[in-house]
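A.B. asks: Build me a model from this:
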Amino acid sequence: MYKRMGSKGEEVKNIQEILLRLGYNPGPDDGAFGSKTESAIIQFQEDNNLYADGIVGPTTWEALRVALEINLDEQNLSITKPDLIDWVRVPADPYRNGYNRFLLREDAAKAYLNVREVVVEAGGQITSSGARRSLTASVSASRSATSFHYTGRAIDLFVGSGMENRHRDPFVVVPEEDRYWRVYARADGGEQMELNAVTYGSRKSGKAITGKFIDLTALFEQQGFKRIKARGSFFQGGSWLGAEWWHFQYEKGLKKGVTTFGDELAKVYTEEQLEGTSPWKFKDRTFGVDWF
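C.D. replies: Numbering: from 1, shown residues only. Presented below is the predicted three-dimensional model:
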């Protein structure tokens with residue numbers, strides 16, 4: 001069996017029904033393999049450490065079949081569409097080995113597309129190092145278990161598309177107070193500016209460059225995306241991964257002191273999917289208190 005975007009028929013319908021039983025949302029079980037079904041397959045593949053290409057070949061089909069048997073034996077679930085926010089695949093501009101598309105929850109995806117439209121129309125680029133992070137992804141000092149990436153609310157611009165060559169990079173990074181950055185997209189249709197651009201090699205003192213740019217940070221903020229601070233270690237000779245200039249997270253709708261990390265995870269995953277995962281252990285973290 002090889003079923004992919006555009007496939008139709010009874011076998012596709014069976015795949016959709018299994019995904020529904022397992023708590024994924026492939027859209028209507030109508031036998032038409034569309035973008036929602038592809039997104040659900042990719043999510044299933046990521047959750048089960050399979051190659052996440054959105055195609056149902058023999059390996060993915062067998063994994064679906066086994067997962068369904070386990071699901072029915074242990075929980076006897078009926079086919080019920082979960083009341084979850086959809087995952088949406090959005091485009092990005094390929095840059096070196098960055099991605100040309102990624103997944104966000106639906107509301108964040110719409111906001112991102114509004115930003116992308118302005119930048120692309122002006123002749124700029126939006127690159128990507130990814131967005132959604134699998135619940136089974138490894139956790140480390142540089143990969144927090146409470147990252148917005150788990151909730152579908154965060155994007156990373158491609159880390160090599162800025163701070164490397166201030167005269168050529170798609171993005172120019174300018175330091176601001178309290179370890180924040182302001183990111184500008186290079187675009188022929190932007191405004192003529194002179195910017196104090198920093199690089200990984202010159203982190204504390206930038207150099208003036210001139211050109212046409214769009215204030216990307218401002219555009220993201222208008223759509224509900226916020227930047228985060230660089231790590232203090234970055235300015236003390238620490239790893240370049242501490243720069244964090246590339247990270248923007250969609251905070252619209254979150255209430256400080258009220259919204260929990262678990263609330264947001266439960267909007268895009270079922271409790272069965274979350275149980276036992278590293279992020280779910282921190283479900284009680286509260287926004288603006290002990291969660292960002």
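A.B. asks: ranges for the strands of the chain?
C.D. replies: Under the criterion DSSP state E, the chain contains strands at 87-91, 101-105, 154-156, 171-175, 181-197, 207-215, 225-227, 247-250.
A.B. asks: can you pull the buried residues of the second one?
C.D. replies: Along strand 101-105, the positions that meet the burial threshold by neighbour count (16 or more other Cβ atoms under 10 Å) are Phe102, Leu103, Leu104, Arg105. C-beta: built from backbone N, CA, C; applies to glycine.
A.B. asks: With distance to Lys212 and pLDDT added, can I get those residues in a markdown table?
C.D. replies: As requested, the buried residues of strand 101-105 are arranged in a markdown table below (distance: Cβ to Cβ, whole Å; pLDDT from 0 to 100):
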| residue | distance to Lys212 | pLDDT |
| --- | --- | --- |
| Phe102 | 27 | 93 |
| Leu103 | 31 | 93 |
| Leu104 | 28 | 96 |
| Arg105 | 33 | 96 |
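A.B. asks: Out of those residues, flag the one nearest to Ile228.
C.D. replies: Leu104 (16.9 Å; Cβ to Cβ).
A.B. asks: Distance check, Glu191 against Ala230.
C.D. replies: If you measure Glu191 against Ala230 using Cβ to Cβ, to the nearest Å, the figure is 25 Å.
A.B. asks: swap that for Pro94, please
C.D. replies: 26 Å.
A.B. asks: go on, Ile55?
C.D. replies: For Ile55, the distance to Ala230 - Cβ to Cβ - is 39 Å.
A.B. asks: next one: Phe148
C.D. replies: When Cβ to Cβ is the yardstick, Phe148 and Ala230 sit 16 Å from each other.
A.B. asks: So between these two, which is more surrounded?
C.D. replies: Under the criterion of other Cβ atoms under 10 Å, the comparison of Phe148 against Ala230 puts Phe148 first, with 26 against 21.
A.B. asks: Look up the pLDDT of the more buried one for me, please.
C.D. replies: pLDDT, Phe148: 97.
A.B. asks: Find the nearest non-adjacent residue to it, please.
C.D. replies: Counting by Cβ to Cβ, 6 or more residues apart in numbering, Phe148 lies nearest to Ala154, which is 3.6 Å off, once chain neighbours are set aside.
A.B. asks: the helices in the stretch 151-292 of the chain, which residues?
C.D. replies: With DSSP state H, counting those that start in this stretch as the definition, the stretch 151-292 of the chain shows helices at residue ranges 216-222, 261-265, 271-274.
A.B. asks: Deepest-packed of those helices, please.
C.D. replies: Of all those, helix 261-265 has the most neighbours on average by mean count of other Cβ atoms under 10 Å, namely a mean of 21.
A.B. asks: chain center to that one: distance?
C.D. replies: Averaging C-alpha positions (Cα atoms, centre = their mean, to the nearest Å) puts helix 261-265 15 Å from its chain's average.
A.B. asks: Now do the same contact list for the closest residue to Gly54 other than its chain neighbours.
C.D. replies: By the measure of Cβ to Cβ, 6+ apart, the closest residue to Gly54 outside its immediate chain neighbours is Glu38, 4.1 Å from it. Glu38 sits next to Arg4, Met5, Gly54, Arg89 when contact means Cβ atoms under 8 Å, 6 or more residues apart in numbering.
A.B. asks: By neighbours, which of those wins?
C.D. replies: Gly54 (21 neighbours).
A.B. asks: List the beta-bridge partners for Ala32.
C.D. replies: With DSSP bridges as the criterion, the beta-bridge partners of Ala32 are Lys8.
A.B. asks: Tell me how far it lies from Met1.
C.D. replies: Applying Cβ to Cβ, one obtains 16 Å for the distance of Ala32 from Met1.
A.B. asks: Looking at the two now, which is surrounded by more residues?
C.D. replies: It is Ala32, of Ala32 and Met1, that has more neighbours when counted by other Cβ under 10 Å, with 17 against 14.
A.B. asks: Against Gln125, how distant is that one?
C.D. replies: As defined by Cβ to Cβ, Ala32 lies at a distance of 33 Å from Gln125.
A.B. asks: same thing with Asn48?
C.D. replies: Noted for Asn48: a distance of 33 Å to Gln125, by Cβ to Cβ.
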